[in-house]
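Chemist: sequence unknown, structure follows:
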């Protein structure tokens with residue numbers, strides 16, 4: 001059963017390109033973590049909605065290991081300024097009970 005973490009991030013107008021570019025530059029770092037399955041950065045299709053950064057892990061222990069790692073600290077060491085965000089987001093954690101792929 002996979003552990004899925006979704007981070008909802010409300011990016012302010014004018015900051016979208018900067019936000020997306022930061023993820024493009026970071027791509028690959030999280031891939032090295034034990035238990036990492038995949039990551040998706042989802043751009044909102046409707047104005048006013050959040051970006052969603054969704055990571056999939058083998059289990060909660062793997063996610064917790066990432067959060068406690070030096071790689072995590074480095075990847076979050078230089079955040080965008082507060083004005084880059086239009087409102088507070090939120091972190092959601094789920095256990096996948098059903099998953100299908102084509």
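Modeler: Nice, thanks for sending it over. Computed from a predicted model, the values in this text were never measured in an experiment.

Chemist: what comes into contact with the worst-scoring helix or strand of the chain on mean pLDDT?
Modeler: In the chain, no helix or strand scores lower on mean pLDDT, DSSP states H and E than helix 70-75, which sits at a mean of 86. Residues outside helix 70-75 that contact it (CB atoms under 8 Å, 6 or more residues apart in numbering): 26, 29-30, 32-33, 66. For every residue, glycine as well, the C-beta is placed using N, CA and C.

Chemist: I'd like to know which of those are buried.
Modeler: Listed as buried from the contacts of helix 70-75 are 30, 33, 66; burial here means 16 or more other CB atoms under 10 Å.

Chemist: report the buried residues of the longest strand seen in the chain.
Modeler: Ordering each strand of the chain by length in residues (DSSP state E) puts strand 85-95 first. Residues of strand 85-95 classed as buried: 85, 89 (neighbour count, 16+ other CB under 10 Å).

Chemist: thinking again about what came up before, just the buried ones among the contacts of helix 70-75 now: which is nearest residue 41?
Modeler: Closest approach to residue 41 among the buried ones among the contacts of helix 70-75 (CB to CB): residue 30, at 11.1 Å.

Chemist: wait, that closest one sits on residue 66?
Modeler: Yes. The pair residue 30 and residue 66 passes the contact test of CB atoms under 8 Å, sitting 6.8 Å apart.

Chemist: quick check: the residue nearest to the spatial centre of the chain vs residue 4, distance?
Modeler: Closest residue to the average C-alpha location of the chain: residue 53 at 3.2 Å, with CA atoms, centre = their mean. To residue 4, residue 53 is 11 Å away according to CB to CB, to the nearest Å.

Chemist: picking up where we left off before, spit out the residues that contact residue 30 and residue 66 alike.
Modeler: 36, 55.

Chemist: can you pull the poorly scored residue ranges out of the chain?
Modeler: 27 (pLDDT under 70).

Chemist: can you pull out the strands in it?
Modeler: 3-11, 36-42, 51-57, 85-95.

Chemist: nearest to residue 20, out of these?
Modeler: strand 36-42 (7.3 Å).

Chemist: the closest one vs strand 3-11, what angle?
Modeler: 30 degrees (axes from the mean of the first three to the mean of the last three CA atoms, to 10 degrees).
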